[in-house]
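[1] What would the 3D arrangement of this be:
(one chain, ligands or ions: 2)
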Amino acid sequence: MATSQIKDCQLCFIGGGNMGAAIIGGLLAKGSTSQQNVIVSEPWEVNRKKVEESLGVRTTTSNIEAARDANVLVLAVKPQVAKGVCQELAASWSDSNRQQLPLVVSIAGGITLNALTQWFTVNDGRTPRVVRVMPNTPALLGEGASASFAGAGVSEDEKKLVTELLEGFSKVTEWVDREELIDVVTGLSGSGPAYFFLLVEHMVSSATALGLPKEQAQRLATQTCLGAGRMLVETSESPAQLRINVTSPKGTTEAALKSFAESGLQETVNVAIKAAVDRAEELGNAAFASTG
Ligand SMILES: NC(=O)C1=CN([C@@H]2O[C@H](COP(=O)(O)OP(=O)(O)OC[C@H]3O[C@@H](n4cnc5c(N)ncnc54)[C@H](O)[C@@H]3O)[C@@H](O)[C@H]2O)C=CC1
Ligand SMILES: O=C(O)[C@@H]1CCC=N1
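    Ligands and ions are numbered 1, 2, ... in the order given. Model (predicted):
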């Protein structure tokens, strides 16, 4: 690949929804790329306008046009539409005899490298190098957690380029050594922000039911989570030790934690994360088997 730094790359996003916009927002805020170097293909006018107005990047309704000059193409569509999008792009590359195919970064949940490689194959047999990445929405604040797995033929320089891209919006970037682990990451950190928000919702509604005004409860719960999160990052203590530090013997925390354990919290979390991992696999299989 000719370009070796993200700031020199033409970045194309296929899909400018929640995750595409969060990634672009994070990259621009950190100065990892500039508005002129980003183009987003987005068929839905509402999201297209949002991306244009809030991020100031170029948009189009044509995936082919968006991908024309791209060095790096981020596939940020739902798994259900990925096949059609990849095949449309591959057909356009076949027609144009494009010499240098872009490096593809797919964030589509569950969609395997095998599927992507097949769908992206150009009529002369070439296929772009593909990296699967699982990011999460805190990307918008430059606080993302992303994990990647590189497909066949991806060079060390291209992996470095992807790492640089991810560092533009992620605080943690990991490479996993088996593709299936991307689905586990999906169940952990890809979907993880939603688990956290749900827990906050439940904490707020419990306190509200016990008489605290909702806005106060929301402010207190939010700062509690932010503060606790920062302690996880900024102290050298394990989560278990930090929990123990809060838990006075025979105190209030102990009473709540005992109740969580008796309700089977660990089992509930195990089952929930496994459901997400299984769903990622199902989405991938369904997309691969689809005729669309
Ligand atoms: N939302 C999240 O927290 C995360 C999402 N992902 C993955 O990112 C992908 C996108 O998810 P979201 O951004 O949440 O979905 P979204 O629905 O917000 O965004 C997808 C966008 O793609 C557009 N789109 C639909 N058909 C298209 C086509 N043919 N060509 C171009 N664009 C098209 C839609 O109009 C929409 O704006 C999914 O595959 C998901 O698994 C990965 C990590 C986290
Ligand atoms: O819910 C989903 O399918 C996507 C993947 C990870 C987060 N959102």
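
[2] Poorly predicted segments of the chain, please.
    1-3, 292 (pLDDT under 70).

[3] and with 80 instead?
    The model of the chain has pLDDT under 80 over residues 1-4, 97, 291-292.

[4] how about the helices in it?
    Taking DSSP state H as the test, the helices found in the chain are 18-30, 45-55, 63-67, 79-96, 113-119, 156-167, 180-185, 192-209, 214-234, 239-246, 252-262, 265-289.

[5] closest to residue 4 out of these?
    Among these, the nearest to residue 4 by C-beta to C-beta is helix 156-167 (6.2 Å). From N, CA and C alone the C-beta is placed, and that goes for glycine too.

[6] could you redo the helices of the chain as TSV and give each row distance to residue 144 and mean neighbour count?
    Listed next are the helices of the chain as TSV, based on distance: least, C-beta to C-beta, whole Å; neighbours: other C-beta atoms under 10 Å:
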stretch	distance to residue 144	mean neighbour count
helix 18-30	6	21
helix 45-55	16	14
helix 63-67	22	21
helix 79-96	20	18
helix 113-119	21	19
helix 156-167	8	18
helix 180-185	12	20
helix 192-209	10	14
helix 214-234	14	12
helix 239-246	20	11
helix 252-262	28	11
helix 265-289	18	15
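
[7] how about the residues of the stretch 151-292 of the chain near ligand 2?
    The stretch 151-292 of the chain comes close to ligand 2 at residues 186, 190, 191, as judged by C-beta under 6 Å from any ligand atom.

[8] would you list those residues in a markdown table and tack on neighbour count?
    Supplementary listing: these in a markdown table, determined by neighbours: other C-beta atoms under 10 Å:
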| residue | neighbour count |
| --- | --- |
| 186 | 24 |
| 190 | 25 |
| 191 | 20 |
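
[9] before we move on, the earlier item: of all the helices of the chain, which one is nearest residue 37?
    Ranking the helices of the chain by proximity to residue 37 (C-beta to C-beta) places helix 18-30 first, at 9.4 Å.

[10] so, in contact with ligand 2 or not, that closest one?
    No. Judged by C-beta under 6 Å from any ligand atom, helix 18-30 and ligand 2 are separated, with a smallest distance of 7.4 Å.

[11] Not counting sequence-adjacent ones, nearest residue to the residue in the chain positioned nearest to ligand 2?
    Closest residue of the chain to ligand 2, C-beta to the nearest ligand atom: residue 190 (3.3 Å). Distances taken as C-beta to C-beta, 6 or more residues apart in numbering place residue 134 nearest to residue 190, at 4.6 Å, with adjacent residues excluded.

[12] ok now do residue 42, which residues does it touch?
    For residue 42, the contact set (C-beta atoms under 8 Å, 6 or more residues apart in numbering) comprises 15, 16, 17, 20, 48, 51, 59, 60, 61.

[13] Flag every residue of the stretch 101-250 of the chain that's near ligand 1.
    Applying C-beta under 6 Å from any ligand atom, one finds that the stretch 101-250 of the chain approaches ligand 1 through 107, 108, 109, 134, 135, 136, 137, 190.

[14] So which of those are in strands?
    With strands taken from DSSP state E, the overlap with these comprises residue 134.

[15] thinking again about what came up before, could you pull up the residues touching the residue of the chain closest to ligand 2?
    Counting by C-beta under 8 Å, 6+ apart, residue 190 makes contact with 109, 134, 135, 136, 276.

[16] Please export the C-alpha coordinates of stretch 32-46 as PDB.
    Taking Å, rounded to 0.1, in the frame of the first residue of the first chain, the C-alpha atoms of stretch 32-46 are listed here in PDB:
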ATOM      1  CA  SER A  32      -5.700  11.900  13.100                       C
ATOM      2  CA  THR A  33      -7.300  12.800   9.800                       C
ATOM      3  CA  SER A  34      -8.800  15.900   8.200                       C
ATOM      4  CA  GLN A  35     -12.300  16.600   6.900                       C
ATOM      5  CA  GLN A  36     -11.000  16.700   3.300                       C
ATOM      6  CA  ASN A  37      -9.700  13.200   3.600                       C
ATOM      7  CA  VAL A  38     -12.900  11.600   4.600                       C
ATOM      8  CA  ILE A  39     -15.900  10.700   2.500                       C
ATOM      9  CA  VAL A  40     -19.000   8.900   3.800                       C
ATOM     10  CA  SER A  41     -21.500   7.000   1.700                       C
ATOM     11  CA  GLU A  42     -24.900   7.000   3.400                       C
ATOM     12  CA  PRO A  43     -28.200   6.400   1.600                       C
ATOM     13  CA  TRP A  44     -30.400   7.700   4.400                       C
ATOM     14  CA  GLU A  45     -30.800  11.500   4.200                       C
ATOM     15  CA  VAL A  46     -31.300  12.000   8.000                       C
END
